[in-house]
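Peer 1: Coordinates for the following, if possible.
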Amino acid sequence: MSHRKFTALGTASQVPNTRANQHSSFFKWDTEGFLFDPGEGTQRQMIYAGITAPDITKIFITHFHGDHCLGLPSILQRISLDRVQHAIEIYYPASGMQFFENIKGISSFYDTAKIKPYPIEGAGVIFSDDKMTITAAELQHTIDTFGYRIQEHDSINFIQEKLDKLGLAGPDVGLLMKNGTVIHKDKEVRLEDVSIIKPGQTFAFIMDTRLCPATIELARKADLLVTESTFKDEDEDKAIRFGHLTATQAAQIAKEAEARTLLLTHFSQRYSPPDDDFQTEARKVFPNTIQMKDKMSFVLERPRRAV
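Peer 2: Modelled structure (predicted):
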């Protein structure tokens, strides 16, 4: 059974506080482990959350502001320390190449990590295999910033009862999958007659940005949408000025894009309890919104049956 769990390792924005670490997110997607924007203190937050360096298979950096990348040096060193055997891909804006090189060489350590850097030049597909396609889109922040969308491919599930009723088995089933039809007992059997399509799930990750068309493009019909929510409505002017979203704007993206669930993170330190309720504002526009806290997880359930 597939296991897909998103964990908010840190939910603060520029400055951590006693309630929240700088931003970092981890998404366990079956055998993959996606680490997003590791801010300062990510290694420690991973320990609290029970996530290890070998769990990481890909790292995504949206942009090179410190609260989204200053935890990367310790992560790279931990990957070496723990002798992670598999290669780890790192995706980041190509314009930040020098920042990435500085991060890799920030201190002396015995480097055994198998790192595959993938600098992103522009919007489009950055990874694809037989299971998923990952795309990047340019956002509107104060420096080059990308959002990410993970789209699982649709799959075909045979209905065993229908195969048994027709007496269809073995090589004929393989031919049916390959060609879409097969002649069995002098009759044509079509793939759609004995199977259902299982739609792939979609995950979208949107950090520092103003409202822009790319946010909708990334979030379109996402099963799980994670966005920044740096400011509350009362500070919308600051959100526009500094290239961020308010909670309501994040909800507007989810609503227009017809997303299924919205998770809010990346909150400004200017708000303290009880004035740090972003969820209530967002739910006025998009009810299925959850305000994340450090080390809080959300399990992405698979639909029981596709149509």
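
Peer 1: Show me where the chain has its helices.
Peer 2: For the chain, the helices defined by DSSP state H occupy 42-49, 72-81, 97-104, 160-166, 171-179, 213-219, 236-242, 247-257, 279-283.

Peer 1: Now do the same contact list for residue 15.
Peer 2: Shown in contact with residue 15 (CB atoms under 8 Å, 6 or more residues apart in numbering): 22, 67, 269. Glycine gets a C-beta too; all of them are placed from N, C-alpha and C.

Peer 1: Single out the most deeply packed of the helices of the chain.
Peer 2: Sort these by mean neighbour count, taking mean count of other CB atoms under 10 Å, and helix 247-257 sits at the top with a mean of 24.

Peer 1: contact partners of it?
Peer 2: Outside helix 247-257, the residues that reach it (CB under 8 Å, 6+ apart) are 206, 211, 215-216, 218-222, 225, 227-229, 231-233, 236, 239, 245, 259, 262, 264, 278-279, 281-286, 288-289.

Peer 1: swap the cut-off to 7 Å and go again
Peer 2: 211, 215-216, 219-222, 225, 227, 229, 232-233, 262, 264, 278, 281-282, 285-286, 289 (CB atoms under 7 Å, 6 or more residues apart in numbering).

Peer 1: List only buried entries from the residues you listed.
Peer 2: Neighbour counting with 16 or more other CB atoms under 10 Å marks 211, 215-216, 219-220, 222, 225, 227, 229, 232, 262, 264, 278, 281-282, 285-286, 289 as buried within these.

Peer 1: Quick one, grab the pLDDT at residue 175.
Peer 2: At residue 175, the model reports a pLDDT of 79.

Peer 1: Contact partners for the residue nearest to it when sequence neighbours are not counted?
Peer 2: Nearest residue to residue 175 in three dimensions, chain neighbours excluded: residue 182, at 4.8 Å (CB to CB, 6 or more residues apart in numbering). Going by CB under 7 Å, 6+ apart, residue 182 touches 172, 175-176, 189.

Peer 1: Among those residues, which one sits closest to residue 37?
Peer 2: residue 176 (44.1 Å; CB to CB).

Peer 1: so of the contacts of helix 247-257, which ones are in strands?
Peer 2: 225, 227, 262, 264, 289 (DSSP state E).

Peer 1: how about a markdown table for those, with distance to residue 56 added?
Peer 2: Shown next, in a markdown table, are the ones in strands among the contacts of helix 247-257 (distance: CB to CB, whole Å):
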| residue | distance to residue 56 |
| --- | --- |
| 225 | 22 |
| 227 | 22 |
| 262 | 25 |
| 264 | 24 |
| 289 | 28 |
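
Peer 1: can you redo the residues you listed as TSV with pLDDT and distance to residue 114?
Peer 2: Shown next, in TSV, are the ones in strands among the contacts of helix 247-257 (pLDDT from 0 to 100; distance: CB to CB, whole Å):
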residue	pLDDT	distance to residue 114
225	98	31
227	98	32
262	98	35
264	98	34
289	98	38
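
Peer 1: which one of those is nearest residue 93?
Peer 2: Using CB to CB, residue 227 comes nearest to residue 93 of the ones in strands among the contacts of helix 247-257, at 18.5 Å.

Peer 1: how close does the closest one sit to residue 209?
Peer 2: Taking CB to CB, to the nearest Å as the measure, residue 227 falls 9 Å from residue 209.

Peer 1: Quickly list what's touching both of the two.
Peer 2: The overlap between the contact sets of residue 227 and residue 209 (CB under 7 Å, 6+ apart) consists of residue 245.

Peer 1: hmm, back to that, with distance to residue 141 as added columns, please give the contacts of residue 182 in CSV.
Peer 2: As requested, the contacts of residue 182 are exported to CSV (distance: CB to CB, whole Å):
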residue, distance to residue 141
172, 54
175, 51
176, 49
189, 53
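
Peer 1: Of those residues, which is the nearest to residue 138?
Peer 2: residue 176 (42.3 Å).

Peer 1: thought that closest one was touching residue 192?
Peer 2: No - Residue 176 is beyond contact range of residue 192, at 10.3 Å (criterion: CB atoms under 7 Å).

Peer 1: Can you list the buried residues in stretch 18-33?
Peer 2: 20-29, 33.
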